[in-house]
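Model the structure of this input:
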Amino acid sequence: MGTSEHQKGPYGAALTTKQFFVLVTAIALGTTLEWYEFFVYAQLNAYLTKIFFPSSDPAVQQLSYWGVYAVGFIARPVGSVIFGHIGDTRGRRLNLLLTISIMAVPTVLIGCLPTFAQIGIAAPALLAVLRLIQGLAMGGEFGSAMVYLHEIAPDDMQGMIGSLGFVSAMFGCMTGVLIVVIMEAIFNTSQMLVFGWRIPFLLSSVSASAAIALRMHMPEPDEFVQDRQTVIHRKLERIASRRSSGGLGSRKFSSSFRIISNSFGRYLDTHESTSLKTSDYNAPTIPADKDADTDTAGTGVARRGVGSQDLEQGTALASQQHVTNTHPTDNNSKTNLSVGRPHTKSLPYNHRDDNVTKTNNQTDDITITLSATDLPAVPESRGEYVPVIRLLRHHTPAVLLQFLFEAWVSVGFWVITTWLPLQMQKAPLRMPQILTQAMLIVNLALMGGIQLASGWLSDKGVPRIWLCFGVFTVATGISCPVLLALPTASFAGAWLLHTLLMMIMACVLGVIPATLSCIYPPTVRATGFNLGHNMAMSWLGGVSPTIVTALVAATGKTFLAPGVLLTVSAGISMLAALVLAWYAPQANGNIKRDAKQASS
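Numbers count the residues shown, from 1 in each chain. Here you go, the predicted structure:
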């Protein structure tokens with residue numbers, strides 16, 4: 001099937017239906033792996049504490065264990081900036097290939113670590129280092145995966161396709177619990193302490209290999225490619241305008257022409273025959289009076305849906321600027337590029353004309369001129385941008401709102417799925433371990449189903465932000481009563497209370513990707529979504545089991561402490577939802593579908 005036929009499809013990249021499902025599978029496998037590992041670590045608590053953190057004081061032992069657990073979360077925001085930069089400048093594909101690879105290696109190495117009895121304090125130190133590397137990779141993996149699903153999804157399926165990210169995460173959690181249950185059924189306690197605990201970590205190499213193979217030919221989303229090119233053009237125009245107003249006149253800059261997308265772009269160029277590749281497109285030229293570093297309406301609104309209308313209008317209003325290449329005849333020949341509407345097949349500014357790409361020992365003079373305004377020449381490389389700077393300069397409110405919006409689900413998910421099942425095995429409830437594991441597996445499966453339904457409902461018109469606001473309100477009222485009821489509940493009652501908390505949380509998780517992806521423009525979306533999400537998951541969620549353990553040790557209030565923590569975080573999320581509805585109203589619905597309906 002030709003590229004032109006691909007472009008007529010409903011997806012956000014040049015894909016057939018079969019290719020689309022292959023891509024979704026590739027994203028799901030990577031997400032499954034990262035969440036699988038974090039849950040395996042939590043489920044092996046009884047063994048890892050003895051192997052890596054021997055202590056006569058159980059409280060100190062638990063704090064050490066959960067402290068190393070938290071290290072992986074604390075590193076996530078740093079990973080968000082590092083890998084978000086790659087995703088927003090070099091492409092989603094390179095980003096997602098790097099993160100899954102870096103995530104897989106330390107996971108396997110944890111399964112090979114010597115124990116405290118063998119190398120002493122170096123054992124927990126090495127464990128902490130590997131958890132740190134995992135956290136860096138996960139900081140750029142999960143959010144980027146959500147963004148990619150959002151960008152390639154059909155217009156009327158953004159909610160449901162986005163929810164698949166969290167559905168696969170729940171599958172990873174469920175698989176992690178199930179693998180530990182199987183290991184414990186096969187091996188006795190002494191065998192688990194010797195070698196059984198290693199097997200779940202080593203098994204992760206299987207899904208990692210499959211995910212890497214499937215991600216090798218991911219195309220770049222059209223929306224990202226278009227927006228990246230627009231941003232570079234605007235920046236070049238702005239620089240040229242400043243030089244012109246400063247009386248510098250037209251100048252030529254002699255340089256060795258650097259391909260912006262570097263080896264990543266060249267790889268895509270040489271693999272045009274692969275089944276998944278980026279498409280031909282005409283990048284729209286936006287009217288020059290809009291600033292290069294601002295987005296639609298200057299309010300943090302992403303160019304998706306409502307923002308896409310501006311792109312389409314900009315195309316219609318664009319002047320007759322174009323890219324012209326004069327064929328070089330010798331090593332000192334010149335290439336004149338007029339900023340306008342380039343034609344590319346991979347990342348923007350990876351010029352495909354063989355006459356532009358230098359050969360060895362060849363130096364071309366690159367002159368970029370703005371024919372419509374007769375502005376001075378600007379080196380093309382000056383059009384590059386740093387996503388985190390643009391993000392913090394123009395979209396800091398969006399990052400902070402996402403952080404606060406996700407406060408309750410971040411705290412609640414890790415407390416309810418990791419700390420609480422372990423606490424239910426202790427006095428006064430004393431639920432058998434196998435029963436808490438079965439409860440967790442069943443509830444995670446139900447949670448995935450609710451997430452999918454929640455995303456589907458949002459595609460059918462249910463307002464996303466108001467759905468979340470309603471859940472936050474309910475959570476504020478029931479968190480403390482539910483947790484305080486656990487000590488006196490029967491096993492069945494405790495199971496149902498745990499199910500209740502997880503089901504209402506699933507309603508929010510199912511719409512988070514579609515709700516929060518669209519508050520950022522595409523060229524800072526990977527950085528912004530990753531940073532906001534991982535700030536919440538790290539600074540609130542990842543450390544919450546450690547905080548709860550410390551609060552319980554200090555107060556003796558086993559179930560009141562987490563109840564208060566959940567209530568406060570739900571209240572914060574409730575207020576954030578109200579502000580988000582005002583700040584980014586497009587996040588409340590399917591903006592791409594609504595924009596098409598408005599224009600028809």
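
buried set for the helix or strand where T527 lies?
Secondary structure assigned from DSSP states H and E places T527 in helix 522-536. Residues of helix 522-536 classed as buried: 522-536 (neighbour count, 16 or more other CB atoms under 10 Å). Quick note: C-beta positions are derived from backbone N, CA and C, even for glycine.

on contacts alone, who are the packing partners of that helix?
In terms of contacts (3 or more CB pairs under 8 Å, 6 or more residues apart in numbering; DSSP states H and E), helix 522-536 is packed against helix 76-89, helix 122-152, helix 222-245, helix 387-394, helix 396-405, helix 407-414, helix 512-517.

tell me the angle it makes with helix 222-245.
110 degrees (axes from the mean of the first three to the mean of the last three CA atoms, to 10 degrees).

can you dump the C-alpha coordinates of helix 522-536 into CSV?
C-alpha atoms of helix 522-536 as CSV (Å, rounded to 0.1, in the frame of the first residue of the first chain):
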residue,chain,number,x,y,z
PRO,A,522,3.7,18.7,20.5
THR,A,523,7.3,20.1,20.6
VAL,A,524,7.3,20.1,24.4
ARG,A,525,4.7,17.4,25.0
ALA,A,526,7.1,14.5,25.8
THR,A,527,9.1,16.7,28.2
GLY,A,528,6.0,18.3,29.8
PHE,A,529,3.8,15.2,30.2
ASN,A,530,6.8,13.2,31.5
LEU,A,531,7.9,15.9,33.9
GLY,A,532,4.4,16.6,35.4
HIS,A,533,3.5,12.9,35.6
ASN,A,534,6.8,11.8,37.2
MET,A,535,6.9,14.7,39.6
ALA,A,536,3.6,13.4,41.0
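
After that helix, which helix or strand is next? Please name it.
With DSSP H and E, the next secondary element past helix 522-536 is helix 544-555.

Identify the residues contacting that following helix?
59, 62-63, 66-67, 69-70, 410-411, 414-415, 418-419, 557-558, 561-562, 565 (CB atoms under 8 Å, 6 or more residues apart in numbering).

Give me the buried entries from those residues.
Buried members of the contacts of helix 544-555, scored by 16+ other CB under 10 Å, are 62-63, 66-67, 69-70, 410-411, 414-415, 418-419, 558, 561-562, 565.

Out of the residues you listed, the closest to N188 would be?
Q62 (23.5 Å; CB to CB).

which element is that closest one on?
helix 58-74.

which secondary structure elements does that helix contact?
Packing contacts for helix 58-74, counted by 3+ CB pairs under 8 Å, 6+ apart, involve helix 17-43, helix 45-52, helix 122-152, helix 544-555.

Nearest approach to A445 belongs to which of those helices?
helix 17-43 (13.5 Å).

just checking, what packs against the closest one?
Using 3+ CB pairs under 8 Å, 6+ apart: helix 17-43 touches helix 58-74, helix 92-110, helix 122-152, helix 158-186, helix 198-215.

coming back round to it: roughly how far out does the helix holding T527 sit from the chain middle?
Put simply, helix 522-536 sits 7 Å off its chain's centre (CA atoms, centre = their mean, to the nearest Å).

What's the mean pLDDT across that helix?
Here helix 522-536 scores 96 as its mean pLDDT.

got the angle for that helix vs helix 76-89?
Using the same axes, to 10 degrees: helix 522-536 against helix 76-89 is 170 degrees.

angle of helix 522-536 against helix 58-74?
Using the same axes, to 10 degrees: helix 522-536 against helix 58-74 is 170 degrees.

I572: neighbour count?
20 (other CB atoms under 10 Å).

Ok, the one 10 residues further on next?
Using other CB under 10 Å, W582 is surrounded by 9 other residues.

Wait, a helix at it?
Yes: counting by DSSP: H, G, I helix; E, B strand; the rest coil, W582 is found in a helix.

Could you check how far it is from G159?
Distance, W582 to G159, by CB to CB, to the nearest Å: 21 Å.

what's the answer for M431, then?
Per CB to CB, M431 is found 36 Å from G159.

tell me, how many neighbours does the spatially closest residue to I82 that is not a sequence neighbour end up with?
Among residues not flanking I82 along the chain, G140 sits closest, at 6.4 Å (CB to CB, 6 or more residues apart in numbering). The number of residues packed near G140 is 31, by other CB under 10 Å.

G140 is in contact with G79, isn't it?
Yes: taking contacts as CB atoms under 8 Å, G140 lies within contact range of G79: 4.8 Å.

which residues do those two both contact?
99, 530.

which helices and strands sit right next to the helix or strand that contains L496?
For L496, the enclosing helix or strand under DSSP H and E is helix 491-509. Counting contacts by 3+ CB pairs under 8 Å, 6+ apart, helix 491-509 packs against helix 407-414, helix 420-424, helix 433-459, helix 464-485.

of those helices, which approaches I572 most closely?
Among these, helix 407-414 sits nearest to I572 (CB to CB), with 4.6 Å.

Quick check: mean pLDDT of that closest one?
Here the average pLDDT along helix 407-414 is 95.

follow-up on the earlier one: higher neighbour count, M431 and G159?
Per other CB under 10 Å, whichever of M431 and G159 has more neighbours is G159, with 26 against 20.

mind listing what the more buried one touches?
454-459, 464, 510-511, 514, 590.

try 6 Å this time
455, 458-459, 514 (CB atoms under 6 Å, 6 or more residues apart in numbering).

Quick check: closest non-adjacent residue to the most centrally placed residue in the chain.
What sits nearest the mean C-alpha location of the chain, by CA atoms, centre = their mean, is G143, with 0.7 Å. Nearest in space to G143, with sequence neighbours left out and distances taken as CB to CB, 6+ apart, is N530 at 3.4 Å.

how much space between the one you found and F187?
For N530, the distance to F187 - CB to CB - is 38 Å.

Now do stretch 455-472, average pLDDT.
Rounded mean pLDDT across stretch 455-472 is 96.

And stretch 116-127, by the same measure?
92.

Wait, the residue nearest to G143 touches F83, no?
No: using CB atoms under 6 Å, N530 is not in contact with F83; the gap is 7.1 Å.

Residues that sit against both of these two, list them.
Here N530 and F83 have G140 as joint contacts, going by CB under 6 Å, 6+ apart.

quick one: low-confidence ranges for the stretch 451-600 of the chain?
Where the stretch 451-600 of the chain drops to pLDDT under 70, the residues are 590-600.

redo that, cut-off 90
The model of the stretch 451-600 of the chain has pLDDT under 90 over residues 541-547, 549-557, 589-600.

ok, V206 - how many residues close by?
Around V206 there are 12 residues (other CB under 10 Å).

and what of the one 5 residues further on?
For A211, the tally of surrounding residues (other CB under 10 Å) stands at 25.

With the one 10 residues further on instead?
Here the number of neighbours of P221 (other CB under 10 Å) works out to 28.

For it, give its distance to L149.
According to CB to CB, P221 stands 10 Å off from L149.

rewinding a little: out of the buried ones among the contacts of helix 544-555, which one sits closest to P481?
Distances from P481 to the buried ones among the contacts of helix 544-555, taken by CB to CB, are shortest for P562, at 12.7 Å.

returning to that earlier point: give me the local confidence score for the residue nearest to the centre of the chain.
Per-residue confidence at G143 stands at 95 (pLDDT).

next one: A377
54.

same thing with H395?
pLDDT, H395: 96.

so what's the backbone phi/psi at it?
phi -130, psi 20 (degrees, to the nearest 10).

since we're on it, how many residues are nearby?
26.

Tell me which residues are up against stretch 404-414.
Contacts of stretch 404-414 (CB under 6 Å, 6+ apart): 472, 475, 505, 508-509, 536-537, 540-541, 544-545, 566, 569-570, 572-573, 576, 580.
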